[in-house]
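Trainee: Give me coordinates for this.
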Amino acid sequence: MIEKLNTLTHEFEALERSLADPELIADSGRYREAMQRYSELKGIVDAFREYRRSSQQLAEARELQDDPELADEARDEAARLEPRVAELERDLERMLLPRDPFDDKDVIVEVRAAAGGDEASLFAREVLDMYLRYAEALGYGAELLDSHPTDVGGLSKVSFEIHGRGAYSRFKFESGVHRVQRVPATEAQGRIHTSTVTVAVLPEAEDVDVDLTPADYRVDVYRSSGPGGQSVNTTDSAVRLTYRPGTPDEIVVTCQDGKSQIKNKEKALAVLRARLLERERERASSEAREARLVQIGSGERSEKIRTYNFPQSRVTDHRIGFTTRDLQGVLLGELGELTAALSEAEQGRRLEEMAASAAHAEPAAAGAGGTA
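Mentor: As a prediction, the model looks like this:
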């Protein structure tokens, strides 16, 4: 780890010097890339410098424990520094974990009512509002792509885009089955009902990420409609894309919330590319599926990543055992604490996997050395 951190420090210092170079400043593209890398490295380098400084102070305090006149003071200083050095070491290990290459991407989020009928559709609308508020609090932009209202004021399904640097890193843990437990407004006997919605979070794919040509899909246009088939648009602006129709790989994407057919087609293609990218990612990681922190599931009540219990004003994320009693705050988009806990849990899991992999590799390396 120290060797890696020294290498990053040298890179950071070289970048720091180059940012004053007039030639680099004049090249806006290169300068922007250099600044982005500088920002990525600064936190790591600052933490490493503090780690080295604190480690040196700790080593000096331990040496002074042998001095009769300074032993007590040195022990107190060592006791103060030891937990700080350990904390900095853990932080640096996390910082050195390989980043998810999709973390900085925009995302496409799809919410669908699953088990529970009308109550599920009502909760799907609340989940949509929750995410839009969370995105707004983060300073992200949001745009509806496709929505299907129900007669009771809910949504059978809805898809939308979130724009902003790091959007995927904030929303990726939301993929899965969300279960709600509450007494519906139509329940005369006050019984608690359980319903579910499914959420899929897809990193938005670029043309270079997915090989997609017009020959791969069929385009149909139609008029947008609201609940009950009521026309809400007098032109054929809604777009349906069917990827490889009639084959096992068929994917259907609709987009109708924009007023322009061209715009809707562009957005539908963005959704299709995102789904294709996610499908390839899932195929590549199929062997490690059980170890994944997030997965979507089928929407059955027994499959859930999170439960929203209204009678107890409780939200529980079952993947990490996280519970908060601030249900209303969560529904108002206050997801920061939960997202941070999920991110920390994922980092911890990855660190454990790295440690286990290193421990497995050491005996193999020793055995190879012994037979040389």
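Trainee: what about Arg99, which SS state?
Mentor: Assigned with DSSP: H, G, I helix; E, B strand; the rest coil, Arg99 falls in the coil class.
Trainee: how far out from the middle of the chain is the strand or helix carrying Pro83?
Mentor: Here Pro83, judged by DSSP states H and E, is contained in helix 71-95. On the basis of Cα atoms, centre = their mean, to the nearest Å, helix 71-95 sits 32 Å off its chain's mean C-alpha point.
Trainee: so how many other residues sit close to the closest residue to Glu11 other than its chain neighbours?
Mentor: Leaving aside its chain neighbours, Glu11 sits nearest to Leu41 (6.5 Å; criterion: Cβ to Cβ, 6 or more residues apart in numbering). (Glycine included, C-beta is placed from N, CA and C.) For Leu41, the neighbour count with other Cβ atoms under 10 Å is 19.
Trainee: same thing with the one 5 residues further on?
Mentor: By the criterion of other Cβ under 10 Å, Asp46 has 11 neighbours.
Trainee: host element of it?
Mentor: helix 28-64.
Trainee: what does the helix or strand just after the helix holding Pro83 contact?
Mentor: Next along the chain after helix 71-95, taking DSSP H and E as the criterion, comes strand 107-113. Residues outside strand 107-113 that contact it (Cβ atoms under 8 Å, 6 or more residues apart in numbering): 120-121, 123-124, 127-128, 131, 145, 150, 154-162, 167-168, 171-172, 174, 195, 197-204, 270-271, 274, 299.
Trainee: Quick check: Arg99 vs Met354, distance?
Mentor: Distance from Arg99 to Met354, counting by Cβ to Cβ, to the nearest Å: 14 Å.
Trainee: could you pull out the strands for the stretch 201-350 of the chain?
Mentor: Assigned by DSSP state E, counting those that start in this stretch, the strands in the stretch 201-350 of the chain fall at 217-222, 238-243, 251-255, 306-309, 314-317, 322-324.
Trainee: which residues of the stretch 1-150 of the chain score low on pLDDT?
Mentor: The stretch 1-150 of the chain contains no residues with pLDDT under 70.
Trainee: For Ala270, which non-adjacent residue is closest in space?
Mentor: Leaving aside its chain neighbours, Ala270 sits nearest to Glu204 (6.1 Å; criterion: Cβ to Cβ, 6+ apart).
Trainee: Show the contacting residues for that neighbour.
Mentor: By Cβ under 8 Å, 6+ apart, the contact set of Glu204 is Lys105, Asp106, Val107, Ile108, Glu161, Ala270, Arg273, Ala274.
Trainee: Could you check how far the residue nearest to Glu11 is from Leu144?
Mentor: Note on Leu41: its distance to Leu144, by Cβ to Cβ, is 37 Å.
Trainee: And for Arg273?
Mentor: Going from Arg273 to Leu144 by Cβ to Cβ gives 18 Å.
Trainee: ditto for Val315
Mentor: With Cβ to Cβ as the criterion, Val315 and Leu144 are 25 Å apart.
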